[in-house]
Structures are given as C-alpha cells and as structure tokens.
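*Asks:* 3D, please:
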Amino acid sequence: MKPLAAAMLLAGVLAGAQAADKIAVDVALTQATLIDVASGTRIKGHTVLLKGDTIVAVVKNAELKRYAPRKTISLPGKYLMPGLWDTHVHFGGGEALIEENKQLLPLYLAHGITTVRDCAGDLADTVLAWRQQIADGKLAGPTIFTSGPKLEGRKPMWKGTIEVGSPGEVGKALDKLQAMNVDFVKITENTMTPDTYLAALRQAKARGMRSSGHLPGQIPLARAFEAGLGTVEHQSYLLRATTPREAELVEQVVAGKLTGREVMRLSLESYDEATARRAFRHMAAQGTAVVPTLWGSRITAYLDQESHHGDDYLKYIGKGLRATYEWRVQRAAQDGPEAVALRHAIFEKSAQLLPLLAQEGVSIIAGTDAGFLNSFNYPGQALHDEIALFVRYGLTPQQALQSAVVNGPRFLGKLDRYGSIQEGKAADLLVLDADPLADVGATRKIRMVVSRGEVHDRARLDRMLEDTRRKVAENQ
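*Replies:* As a prediction, this is how the structure comes out:
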C-alpha cells in the first residue's frame, strides 16, 4: 500500500474510533441565550442536548465536541426557555363537538404551550384518551393533565359531572376518579352543599389528591383553604377575602338574603387592603394557590365596549364551538347600566389584587379558561394575553413567566420533570426572537417549539395553523 493511502486509511480508522467514543444524542440546540425563569437569569455559551423526550445534558459550547448530535440547530440571537403551561382549559360541548375540540390541540403547540391542565367539561373520557395518545406519540398536541369529570351536587347546571349529594358520598366519587387515574380533582359549587364541599376537600387531601375549585358563598374562604383547597380557580372569588364584612355577608347568603353578585358589590364597597393582606398571608400559609383567569373575565366584563365577532382568530374555531360562545354573550347583553358598571368594577379590582397576592406569598398560576362556552377566549393565544395582563396589573415579566412555567408544575408535584432547562427535564422548549425577561410580550415572537423532543420550526408551526384554518373552513 502506498504511504499516502495508508495514512488516509489510518486517519479514517482514528476518526471512526473517535466518533464511536462520542455520546449520541438526537438534537443539539446551541448559540441561544438560555432563560432560567425561576431565578430570572440569562445564561450564555451553553448548548442543550436532547434525546427522545428528555434533556440529557446542558453543556458549555466547548464541550459539544464530546457529543454526536443527529441534528444540530444553531440559534444565535435567540432565547431558549421552557415551554408554556395553560393550567385552566376546557374541552367540551358534547360528543358532536369532539372533532372541533381536537382541532384546538395544535393551536396550543403553535403558540408555544406545551402543557395544558384540563379543568373539566363534558368530554372526560375523550380527554383521558387524548392524554394517553399524546403521551404515546400517537397524537400531536400539548401534554395533558386532567381532572376528569368535576364533582358537583345534585342536578347541577354543568354537564359531565359526578353528582355528590352528601358528605357520605364523597368517598365513592373519589374512588371513581382515582380509578380513572386523574391528575387532580375539580370541585364546583353550583348545587353542592357547603358540608359536602368541605368533605370533598378534606378527603381528597387525605388521599394525596390535589384539588382545584370554585368557592361556595356559604362558607368563609379561610375554611376552604384550611380544608385543603389546592387552587382557587378565578381570582374574583378572592374579593370576599378583602372585606372585614365577610362573615356577615356569608351569613346573609346562607339566609338567602344576598346573591353572589350582591356580595361582590358589597365586598367592593367595603374593600380594606389590610384585611386583604391578612387573608392572603393565611391563604399562602395553607398552601392554596390562585389561577386568576383574568383574560376570560376581562372579555366578558367588557362585552359592552368590545365586540369580538370580527376577530381574525375565529377562523381557527369551529362553528359548533363558536355557537357555545353565545351563552355568555346573551347573558351579558341583558345587563343594564348598573350591572355593566359592576362587571367592570369586579374585573378591575380583582386584577388589582395580583401584586398583593404575590407580595403575601400566594402562588399565582397562569390559566385562561379557554375553550367551549367561554366567549372569544381563544386556545393558544389567550395565555399570552393572560400573562400580559399580569404585567399590566403589577407583576414583573419574571413573575408572569413563573406563573406559566414554574408554578403549574409545582402545584401538580411535577417540578422534577418541568419548569427549567436542566438535565432530566422534559424536552419541552420554546425558542423566541426576543428576551421575555425584558418584555413578556416576547413570548409571542416564537421561532421554534420543541414538544416531547420533537422540533417544530416556524414553517411547521405555520402549517399547523393553516391546517386548522382549512379544516374549520371546510365545515362551515
């Protein structure tokens, strides 16, 4: 063999041996600025390595040579953060709308939302099936955590519930939910008695089940916190915690002398910041968080001023789901001037509680209430609107990001898998064109989404949106 040929052969053998020594990974994301949402810091000069649906390493750029990525994506000038969570969504409207609800799944991914928490509707079995199909890689969509059917009293207004008529029936209902392997328990108060409500909280806590709920007007809020309520769904419920008159108002509700709307009005009239702060400190001490759902509340509050029937986003919402919007629209249209003014006041004061809640240590978790029935509250887009409102009403961009990245996983006990860019965490990532710590609006400037390790570049995200628009248009 000629010397040159021998040298080339030897070089090839050495190169092959060196390549064999390298650690194989699927994807390397390099050159981006990493966003640590929990600490509010920016990290430069590091590469994130993915294998399957997991981050297997975060290394300095110089250490990348130790790895053999199947695909390397260079992201200079971009910002890399964990995927967003929308922790209050709804799928529902009956079996006729299953396909329209399914079409919402890509809307979440296209807007950088890699995880959702379904807070009950009337399609529990379908959503549970989707949860498994997404986990198995058979269906494209965000990771789903779900409550399954909510717990309610006898003959409630809400469909798809487990009816619980007395404290003695709570155990059987929780058995059913545990058999369904739900991720948490949703409890509402339409027809459930206060004693049954408190029993459901206590028994769920005793079983190690996390709970979320609306709040009955017949008990002081502190009793729900002390019974183990995990999250208050909808911040307006907390207005009752801001008045020294709460005990008196509860008594009048029990006696049938006050409606919920009248309690809201009287709470606003007797608002006291010191009372609110004490209540929120107690709430935080009991471990109860809040999911404000401000964006959905704002839409309903201001329907008198803002018509959404021409919204461009409606092109992604099926006609059946759009029809469910009319329920709230028609109810709002019946309000007179005083009721409309009260709607505005309730929303504004509720939103203004955000910094007080944060200052007193209450965990604020981003969720939108998007889905059927909730008028013009659009899956995907709404979360960006929600966290923008958080900043508008007093939170910092970092606090707003924490609400959509860290606090949801914490509530579900999933911080070992979500909430940061670290070895062992889920490969659910968001690549942005701008710095979200400087401006929370940067979360809308999406360049790429990684969901369960699968890379969706901007062109693919745009195709998701277009495919959804086309499907909706075909069924008009």
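*Asks:* what is the least confident helix or strand in this protein?
*Replies:* Considering only helices and strands, the least confidently modelled element of the chain by mean pLDDT, DSSP states H and E is helix 3-21, at a mean of 48.
*Asks:* indicate each strand paired with the helix or strand following it and its parallel or antiparallel sense.
*Replies:* Stepping forward along the backbone from helix 3-21, the first helix or strand reached (DSSP states H and E) is strand 23-30. The pairing partners recorded for strand 23-30 under DSSP bridges are strand 46-51 (antiparallel), strand 67-74 (parallel).
*Asks:* save the ones you listed as a markdown table, and put in mean neighbour count, distance to Val455 and mean pLDDT too.
*Replies:* Bear in mind the C-beta positions are built from the backbone N, C-alpha and C, glycine included. Putting the strands paired with strand 23-30 into a markdown table (neighbours: other Cβ atoms under 10 Å; distance: least, Cβ to Cβ, whole Å; pLDDT from 0 to 100) gives the following:
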| stretch | mean neighbour count | distance to Val455 | mean pLDDT |
| --- | --- | --- | --- |
| strand 46-51 | 24 | 9 | 98 |
| strand 67-74 | 15 | 7 | 98 |
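*Asks:* Thr193: which of those is closest?
*Replies:* Across these, the minimum distance to Thr193, taken as Cβ to Cβ, is reached by strand 46-51, at 50.0 Å.
*Asks:* tell me which residues in the helix or strand just after the closest one are buried?
*Replies:* Downstream of strand 46-51, the next assigned helix or strand under DSSP H and E is strand 54-60. By neighbour count, and taking 16 or more other Cβ atoms under 10 Å as the criterion, the buried residues in strand 54-60 are Thr54, Ile55, Val56, Ala57, Val58, Val59.
*Asks:* stretch 77-92 now?
*Replies:* Buried residues in stretch 77-92, defined by neighbour count with 16+ other Cβ under 10 Å: 78-92.
*Asks:* okay, how far is it across that stretch, tip to tip?
*Replies:* Criterion Cα to Cα, to the nearest Å; first-to-last residue distance in stretch 77-92 is 41 Å.
*Asks:* ok, stretch 282-292 next?
*Replies:* Criterion Cα to Cα; first-to-last residue distance in stretch 282-292 is 18 Å.
*Asks:* chain center to that stretch: distance?
*Replies:* For stretch 282-292, the distance between its averaged C-alpha position and the chain's averaged C-alpha position is 17 Å (Cα atoms, centre = their mean, to the nearest Å).
*Asks:* now swap in stretch 338-346 and tell me
*Replies:* Taking Cα atoms, centre = their mean, one finds the center of stretch 338-346 at 27 Å from the center of the full chain.
*Asks:* dump the strands paired with strand 23-30 to CSV, plus distance to His309.
*Replies:* Below are the strands paired with strand 23-30 laid out as CSV (distance: least, Cβ to Cβ, whole Å):
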stretch, distance to His309
strand 46-51, 43
strand 67-74, 41
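*Asks:* pull out the buried positions in stretch 183-190.
*Replies:* Asp183, Phe184, Val185, Lys186, Ile187, Thr188, Glu189.
*Asks:* what does it contact?
*Replies:* With contact meaning Cβ atoms under 8 Å, 6 or more residues apart in numbering, stretch 183-190 is reached by 117, 119-120, 145-147, 150-153, 156-158, 161, 174, 177, 197, 200-201, 204, 209-217, 230, 233, 412.
*Asks:* now the residues you listed: which count as buried?
*Replies:* By neighbour count, with 16+ other Cβ under 10 Å, the contacts of stretch 183-190 hold 117, 119-120, 145-147, 150-153, 156, 158, 161, 174, 177, 197, 200-201, 204, 209-217, 230, 233, 412 as buried.
*Asks:* which of these fall in helices?
*Replies:* Among these, the residues falling in helices (DSSP state H) are Leu174, Leu177, Tyr197, Ala200, Leu201, Ala204, Leu412.
*Asks:* CSV please, covering the residues you listed and showing pLDDT and distance to Ala438.
*Replies:* As requested, those are exported to CSV (pLDDT from 0 to 100; distance: Cβ to Cβ, whole Å):
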residue, pLDDT, distance to Ala438
Leu174, 98, 45
Leu177, 98, 43
Tyr197, 97, 43
Ala200, 98, 43
Leu201, 98, 40
Ala204, 98, 41
Leu412, 98, 29
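*Asks:* and the two most separated of those?
*Replies:* Checking those with Cβ to Cβ, the most distant pair is Tyr197 and Leu412, at 21.7 Å.
*Asks:* Arg444 is in contact with Phe384, correct?
*Replies:* No Phe there; residue 384 is His. Yes. Taking Cβ atoms under 8 Å as the definition, His384 is a contact partner of Arg444 at 5.1 Å.
*Asks:* more neighbours, those two?
*Replies:* His384 (24 against 17; other Cβ atoms under 10 Å).
*Asks:* okay, that one: pLDDT?
*Replies:* Here the pLDDT value assigned to His384 is 98.
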